[in-house]
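Novice: mind looking at a prediction? Sequence and model below.
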Amino acid sequence: MLMNSLDAEVAEQPQLLVVNGSSGKAARNWECYAAIRQALQTLNSDETLLVQSGQPADVIKTHPGVPRVLLADIELERMQPNEEKFQALERGGLLSRWRLTTAAWTATGPQGILPTLDETLATVASRHFNGDLSGKWVVAGGMGGAGGAQPLAATLNGAAFLGIEADGERILRRVRAGYCDICVNHLDEAIRLMKNAVRQRRALSVGLIGNCAEVLPELARRGMVPDILADWTLAHGQLQAYIPAGMNAAEAPGHYRKDPDTYLKRAYESVAEHASAMLEFKKLGSLTFEFGNYLRAIAYAEGGVKNAFDIPGFASEYLPSISNKGRGPLRWVALSGERADIRLVDDLLVDLFPDDLPLLRWIRLAATRVRFEGLPGRACWLSEEQQRLLGVRINELVSQGHLKAPFVITPDHFDCSRAVRPASLAEARGRDVVNEESLLNALLAADSGAVWVSLQSGGASGGRDALNASHALVADGTPQMAGRIERVLSLNFARGILRYHDAGSV
């Protein structure tokens, strides 16, 4: 899974060890990566590898029932609030910046987040558009990393989609992977395609090479008001990932290296323009929200947009409607690399839950529309009973030889018991203080038999001040693993996961 997270189809910049965003690394450097691989290859069943901020720290004697790997990076990043000092430490090789599935080695590219976005837009359709997005126009910023799932999520729900991305290579990558239909360079062409698709009530996704800080205000000036406006630009982590207005993707890194202060100033100004345009569209009637990428927090704190949080975050706005149905997100990956193994599990889900119409819809769409990236995998929103039963049955199929190799099973990071905002921010927003919940979940996962456990900063919002706990299982066909699967997959529901916090709070 470590190697898969750096697969060319999964990672954003595998040559730099960057799995997602501009800085979410799978290891601190290539020497650490090699040392981690070496340790994993020689690790005994009664030993545990400790990984601290992207580097292997120790291998200790434990016992077969505890995790083989424990990973943590929360303190070095959270204790360094000064971004300039933090980056100096990072450049000196003293720490690395992890994010979500990156630190847990469970990243699977946009295919992993796709069912959550599909469920979100389906909820939007049900709540605001009588359950149907055909003939509706969705505009969204960002098509890198998880944002690359946005165009396919929109077309799966029947909408016409316009994605705005400053880095054209990110759009082309999504076109090659089947997530986006067309890449264009000019706004006029994008508008023509959108008007035709909306008039014909045809699902179509178009990626426009452009900057949200420039394109969104221009759309407003032309009176082009989308039905839905979302955003997943790379505004979290290191802000040099956000390309300022008037600058293209090729020249941006050079500008940052030459004069980082001026670059960041321009980036803050562009984020402010971007957020202000979203607020203007909200006034004009667009259903507007952010996908938890910290855009609002930066616009508020650095750009002077004091009403930035009038834009809701999707996690607090829509995910409760999904999880209140008793469901949580789960991923599984076929270590055999065989697509047939995933197809077999697809068939298993249909046989196990023939009356679950939303699940059957998703499995049908995923089987026909979603291309595998890296190791073949799947993700679904399932109830506790469904998760446990599926996990145990996958383990049985491995034992019986129907599946050619073990499966990795892991809850998605949008399982809300594992990604929380810090206590001070929760208090500022008038919410429960649950800062310790991720810590408790990591401890419980380790005690209950997860095969590896990761605790890192980042949370579902991508902000440095959030916490996220991740854990994974390996269904290897043994009776012992069956018990571990049942215990660990019950954790996601044991303490009431149906609590979401506004991503990007300040």
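Specialist: That came through, no problem.
Novice: domain ranges for the protein?
Specialist: With automatic domain parsing as the criterion, the domains of the chain are listed as 2-104, 133-312, 326-494.
Novice: where exactly do the strands run in the stretch 101-250 of the chain?
Specialist: For the stretch 101-250 of the chain, the strands defined by DSSP state E, counting those that start in this stretch occupy 137-141, 160-165, 182-184, 204-209, 228-231.
Novice: whoops, I mixed them up, the stretch 401-506 of the chain
Specialist: For the stretch 401-506 of the chain, the strands defined by DSSP E, counting those that start in this stretch cover 407-411, 419-420, 452-458, 463-475.
Novice: just to revisit the earlier point, deepest in the core, which of the strands of the stretch 101-250 of the chain is it.
Specialist: Stretch with highest mean neighbour count among the strands of the stretch 101-250 of the chain: strand 160-165 (a mean of 29; mean count of other C-beta atoms under 10 Å). To be clear about C-beta, it is placed using only N, CA and C from the backbone, and glycine gets the same treatment.
Novice: any low-confidence regions in the stretch 201-350 of the chain?
Specialist: For the stretch 201-350 of the chain, the stretches with pLDDT under 70 are 235-240, 323-324.
Novice: what ranges does it have for its helices?
Specialist: 212-221, 252-258, 260-284, 295-301, 314-317, 319-323, 339-352 (DSSP state H, counting those that start in this stretch).
Novice: what is the third one packed up against?
Specialist: When contacts are defined as 3 or more C-beta pairs under 8 Å, 6 or more residues apart in numbering; DSSP states H and E, helix 260-284 packs onto helix 212-221, strand 228-231, helix 252-258, strand 287-288, helix 295-301.
Novice: contacts for stretch 113-120, please.
Specialist: Residues outside stretch 113-120 that contact it (C-beta atoms under 8 Å, 6 or more residues apart in numbering) are 146, 149-150, 152-153, 156-157, 291, 314, 318-319, 322, 329, 362, 365-366, 370, 379-381, 412, 414.
Novice: ok, the spatially closest residue to G377 that is not a sequence neighbour - how many residues close by?
Specialist: Take G377 and drop its neighbours on the chain: the residue closest to it by C-beta to C-beta, 6 or more residues apart in numbering is V333, 3.9 Å away. A count of neighbours around V333, defined by other C-beta atoms under 10 Å, yields 27.
Novice: what sits opposite V333 in the beta ladder?
Specialist: According to DSSP bridges, the partner residues bridging V333 are G377, V408.
Novice: that one against N4, yeah?
Specialist: Yes - with contacts counted by C-beta atoms under 8 Å, V333 reaches N4, the gap being 7.3 Å.
Novice: joint contacts of the two?
Specialist: Jointly contacting V333 and N4 under the rule C-beta under 8 Å, 6+ apart are 108, 375.
Novice: just to revisit the earlier point, out of the contacts of stretch 113-120, which sit inside helices?
Specialist: Residues of the contacts of stretch 113-120 located in helices (DSSP state H): 150, 152-153, 156, 314, 319, 322, 362, 365-366.
Novice: which of these ranks first by neighbour count?
Specialist: Q150 (32 neighbours).
Novice: what sits against that residue?
Specialist: Taking C-beta under 8 Å, 6+ apart as the test, what Q150 contacts is 117, 140, 142-143, 161, 163, 230, 232, 291.
Novice: dump the residues you listed to CSV, plus distance to G483.
Specialist: Listed next are those as CSV, based on distance: C-beta to C-beta, whole Å:
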residue, distance to G483
L117, 34
A140, 43
G142, 42
M143, 42
F161, 44
G163, 45
A230, 41
W232, 39
F291, 37
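Novice: quick check, nearest of the residues you listed to R202?
Specialist: Distances from R202 to those, taken as C-beta to C-beta, are shortest for F161 (11.3 Å).
Novice: relative to E214, how far out is that closest one?
Specialist: Distance, F161 to E214, using C-beta to C-beta, to the nearest Å: 19 Å.
Novice: next one: V198
Specialist: Taken as C-beta to C-beta, the span from V198 to E214 is 23 Å.
Novice: ditto for E486
Specialist: Separation of E486 from E214 (C-beta to C-beta): 52 Å.
Novice: now the domains of the chain in JSON lines, with distance to R127?
Specialist: What follows is the domains of the chain, written out as JSON lines (distance: least, C-beta to C-beta, whole Å):
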{"stretch": "domain 2-104", "distance to R127": "27"}
{"stretch": "domain 133-312", "distance to R127": "9"}
{"stretch": "domain 326-494", "distance to R127": "15"}
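Novice: closest to P110 out of those?
Specialist: Going by C-beta to C-beta, the one of the domains of the chain nearest P110 is domain 133-312, 3.7 Å.
Novice: alpha carbons only: can I get stretch 35-48 in PDB?
Specialist: Extracted in PDB, the C-alpha atoms of stretch 35-48 (Å, rounded to 0.1, in the frame of the first residue of the first chain):
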ATOM      1  CA  ALA A  35      14.400   2.400   5.100                       C
ATOM      2  CA  ILE A  36      10.600   1.900   5.700                       C
ATOM      3  CA  ARG A  37      10.400  -0.500   2.800                       C
ATOM      4  CA  GLN A  38      13.300  -2.500   4.100                       C
ATOM      5  CA  ALA A  39      11.800  -2.600   7.600                       C
ATOM      6  CA  LEU A  40       8.400  -3.800   6.300                       C
ATOM      7  CA  GLN A  41      10.100  -6.600   4.300                       C
ATOM      8  CA  THR A  42      11.900  -7.900   7.300                       C
ATOM      9  CA  LEU A  43       9.300  -7.300  10.000                       C
ATOM     10  CA  ASN A  44       8.300 -10.300  12.000                       C
ATOM     11  CA  SER A  45       4.700 -11.100  13.100                       C
ATOM     12  CA  ASP A  46       5.600 -10.100  16.700                       C
ATOM     13  CA  GLU A  47       7.200  -6.800  15.900                       C
ATOM     14  CA  THR A  48       5.900  -3.300  15.300                       C
END
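Novice: just the buried residues of that stretch, please?
Specialist: 35-36, 39-40, 47-48 (16 or more other C-beta atoms under 10 Å).
Novice: got it, and stretch 45-59?
Specialist: Buried positions in stretch 45-59, judged by neighbour count with 16+ other C-beta under 10 Å: 47-49, 51-56, 59.
Novice: from these, which one has the minimum pLDDT?
Specialist: Within the set of the buried residues of stretch 45-59, pLDDT is lowest for S53 (83).
Novice: for the buried residues of stretch 45-59, which one is nearest A469?
Specialist: For the buried residues of stretch 45-59, the nearest to A469 is V51 (14.7 Å; C-beta to C-beta).
Novice: once you drop chain neighbours, what's closest to M3?
Specialist: Distance criterion C-beta to C-beta, 6+ apart; nearest residue to M3, sequence neighbours excluded, is R37 at 7.7 Å.
Novice: for L50, pull up the helix or strand it's in.
Specialist: Here L50 sits within strand 47-52, counting by DSSP states H and E.
Novice: that strand to strand 452-458, inter-axis angle?
Specialist: Counting by axes from the mean of the first three to the mean of the last three C-alpha atoms, to 10 degrees, strand 47-52 lies at 10 degrees to strand 452-458.
Novice: helices or strands up against strand 47-52?
Specialist: Packing contacts for strand 47-52, counted by 3+ C-beta pairs under 8 Å, 6+ apart, involve helix 30-42, strand 55-61, strand 69-72.
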